[in-house]
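> got a structure for you, letters missing:
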Ligand SMILES: Nc1ncnc2c1ncn2[C@@H]1O[C@H](COP(=O)(O)OP(=O)(O)OP(=O)(O)O)[C@@H](O)[C@H]1O
Ligand SMILES: [Mg+2]
């Protein structure tokens, strides 16, 4: 799966919503990112959901950015057999859904992936929905052996960070001494 293509489809699907709301929606992804192993429909569902949330919780005049990058895996210390692990392999793809909206308080970040959980479930709550989107997203990301977390966006808003493995192992190379 070429993630840049998936994110492009998400933006075409949701740009009418963004336009109606007066929120800028853009994608920032290198075209030459390595391919992921995965289900393109499910991955599209993940980023549609996250982008719908970002648009929903971002007021007029704000922006939503989908950013994809290759990230290097953690280096494993060289082993005893004269092998060194090549640490600079692009091991994962990281996609950030960044918005300038109302944000998610740190104490809520562990709970928003629970089914039906919504921040501020008061009767005066201004946003619709059922609270299921992120629980489905979490299951789909898990099914891809990926991870999902929430960070602050600076100076305001939310970043939902999804990391997806490329599905190939880090290459081991013989060190010069071995
Ligand atoms: N980008 C975001 N900015 C601020 N709050 C968010 C954002 N994304 C999710 N949330 C919070 O997390 C809650 C759970 O999100 P989730 O997508 O599961 O449910 P929902 O969007 O309320 O409903 P549904 O997705 O079922 O339509 C939201 O109700 C909201 O309180
Ligand atoms: Mg949602």
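Nice, I can see it. Because the structure is a prediction, the values reported are computed rather than measured. Ligands and ions are numbered 1, 2, ... in the order given.
> grab the nearest non-local neighbour of the closest residue to ligand 2 within the chain.
Per Cβ to the ion, residue 133 is where the chain lies closest to ligand 2, at 2.8 Å. The way it works is simple: take the backbone N, C-alpha and C, and place the C-beta from them, glycine included. Among residues not flanking residue 133 along the chain, residue 49 sits closest, at 4.6 Å (Cβ to Cβ, 6 or more residues apart in numbering).
> which SSE is the one you found in?
Secondary structure from DSSP states H and E places residue 49 in helix 40-56.
> ok, now which ones touch the residue nearest to residue 133?
Residue 49 makes contacts with 133, 134, 136, 137, as judged by Cβ atoms under 8 Å, 6 or more residues apart in numbering.
> report pLDDT for it.
Per-residue confidence (pLDDT) for residue 49: 98.
> how about the residues of this structure by ligand 1?
53-54, 57, 99, 101-104, 112, 117-119, 129-135, 158 (Cβ under 6 Å from any ligand atom).
> now, these that are in helices?
53, 54, 133, 134, 135 (DSSP state H).
> returning to that earlier point: quick check: next helix or strand after the helix holding residue 49?
Going down the chain from helix 40-56, the next helix or strand is strand 63-72, by DSSP H and E.
> that next one: partners in the sheet, and parallel or antiparallel?
strand 24-29 (parallel), strand 90-99 (antiparallel) (DSSP bridges).
> dump the residue contacts of residue 117.
So residue 117 contacts 111, 131, 135 (Cβ under 8 Å, 6+ apart).
> in stretch 97-106, what's buried?
By neighbour count on 16 or more other Cβ atoms under 10 Å, the buried set for stretch 97-106 is 97, 98, 99, 100, 101, 102, 103, 104.
> by contact count, what packs against the longest helix anywhere in the chain?
For the chain, the longest helix by residue count, based on DSSP H, is helix 3-21. With contacts defined as 3 or more Cβ pairs under 8 Å, 6 or more residues apart in numbering; DSSP states H and E, helix 3-21 has these neighbours: strand 24-29, helix 40-56, strand 63-72, strand 90-99.
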